[in-house]
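1. Here is the input, now give the coordinates:
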Amino acid sequence: HRHDTLSTAVAFESHVFASLSNAQVAIIDTYKGVAKSEPRLMDAPVKGKSPRSEELRFESVVAVNPGVYDVLLVGSDGKTKAQNSLVALNRESYIILRTGVEAKMGPSYPQELIVYPKLDPSALHSAAAPRVMMLSFFTVMVCAFWA
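-> Presented below is the predicted three-dimensional model:
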């Protein structure tokens, strides 16, 4: 991701996931700008059931149960700024990235949420779910993208 709002220099962050039976989610904020937003994890809507919602913290890792979730980026005005979905499987690792930049020079990009990897909800019922790629590889790819 960008080092700051003035240049296109890149910064690097990494994380090593623990070996847990639950799914793990790293929440990383690579956004550069003044906009304040908080990430939230919600149960995907199910008819007749009220979804649970939990505030997440950037630069943290949480364990989640298998399931389908909505990931929201809620601004300080209470409005949803970005949304994505997460399909979590046991023993897998995921990344939620807040991206974007309010550039002082060059193009600006709005806040977005990237969830990696993206799985189909049918993977919850499959015994042959794909393994997740190493986080360091993904981080290098993100850095290359923002370069």
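
2. Could you pull out the helices in this protein for me?
-> 135-146 (DSSP state H).

3. got a list of what the spatially most central residue of it touches?
-> The structure's the chain has its C-alpha centroid closest to residue 96; by Cα atoms, centre = their mean the separation is 1.0 Å. Each residue near residue 96 by Cβ atoms under 8 Å, 6 or more residues apart in numbering is listed here: 25-28, 39, 56, 71, 84, 86, 113-115. C-beta: built from backbone N, CA, C; applies to glycine.

4. Bridged to it, which residues?
-> Here residue 96 sits in beta bridges with residue 27, residue 115, as judged by DSSP bridges.

5. Next one: it from residue 45, what distance?
-> Using Cβ to Cβ, to the nearest Å, we find residue 96 at a distance of 19 Å from residue 45.

6. Quick check: residue 30 touching residue 95?
-> No: here residue 30 does not reach residue 95: they are 10.5 Å apart, not a contact under Cβ atoms under 8 Å.

7. excluding its backbone neighbours, what's nearest residue 91?
-> Leaving aside its chain neighbours, residue 91 sits nearest to residue 21 (6.1 Å; criterion: Cβ to Cβ, 6 or more residues apart in numbering).

8. That neighbour contacts residue 92, doesn't it?
-> No: applying Cβ under 8 Å, one finds residue 21 not in contact with residue 92, separated by 10.5 Å.

9. More neighbours: which of the two?
-> Shown here are residue 21 and residue 92; by other Cβ atoms under 10 Å, residue 92 has more neighbours (21 against 7).

10. Could you check the pLDDT of that one?
-> Per-residue pLDDT puts residue 92 at 93.
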